[in-house]
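Q: Sequence first, predicted model second:
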Amino acid sequence: MAAIDFTSPRACVDFFKTLLRFRTVSAEGPRTGAYSACVAWLDAQCRAIGLETRVVAPVEGKPILVATWTGGASQC
């Protein structure tokens with residue numbers, strides 16, 4: 001998957017619209033798989049821009065995406 005060009009206003013709007021299409025209503029998300037689908041999409045987006053990701057699921061059907069942007073040496 002190619003990384004989204006976040007310098008493009010149109011690309012940003014399209015990204016947000018896609019995110020909003022996931023029906024992650026609390027009573028439905030775990031049952032319909034919408035949470036898992038949303039996390040899978042976000043995972044791909046994060047990886048496309050170079051973030052390290054992992055998915056944890058402390059509760060079945062309710063995955064949590066952890067995305068990490070590893071930095072360099074601190075200047076402080």
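A: Done, it's in.

Q: use CA for all of it now, contacts and neighbours both
A: Noted.

Q: Tell me which residue is most central in this protein.
A: When the chain is reduced to its mean C-alpha position, the closest residue under C-alpha atoms, centre = their mean turns out to be residue 42, at 2.1 Å.

Q: check which helix or strand covers that residue.
A: When secondary structure is defined using DSSP states H and E, the element that contains residue 42 is helix 34-48.

Q: next one: that helix to chain centre, how far?
A: Put simply, helix 34-48 sits 4 Å off its chain's centre (C-alpha atoms, centre = their mean, to the nearest Å).

Q: Mind listing what's buried along that helix?
A: The neighbour-count check on helix 34-48 (16 or more other C-alpha atoms under 10 Å) flags 34-39, 42-47 as buried.

Q: swap in stretch 3-22?
A: In stretch 3-22, counting by 16+ other C-alpha under 10 Å, buried: residue 22.

Q: give the contact list for the residue nearest to the centre of the chain.
A: Under the criterion of C-alpha atoms under 8 Å, 6 or more residues apart in numbering, the contact list for residue 42 reads residue 65.

Q: Dump stretch 29-46 to CSV, restricted to CA.
A: Below are the C-alpha coordinates for stretch 29-46, written out as CSV (Å, rounded to 0.1, in the frame of the first residue of the first chain):
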residue,chain,number,x,y,z
GLY,A,29,-18.2,-3.4,16.3
PRO,A,30,-17.1,-6.6,18.1
ARG,A,31,-20.1,-8.6,16.7
THR,A,32,-19.8,-7.5,13.1
GLY,A,33,-16.0,-7.5,12.8
ALA,A,34,-16.0,-3.7,12.1
TYR,A,35,-13.4,-3.1,14.9
SER,A,36,-11.1,-5.7,13.4
ALA,A,37,-11.6,-4.3,9.9
CYS,A,38,-10.9,-0.8,11.0
VAL,A,39,-7.7,-1.8,12.9
ALA,A,40,-6.5,-3.8,9.9
TRP,A,41,-7.0,-0.7,7.6
LEU,A,42,-5.3,1.6,10.2
ASP,A,43,-2.5,-0.9,10.6
ALA,A,44,-1.8,-0.8,6.8
GLN,A,45,-1.9,3.0,6.8
CYS,A,46,0.5,3.3,9.7
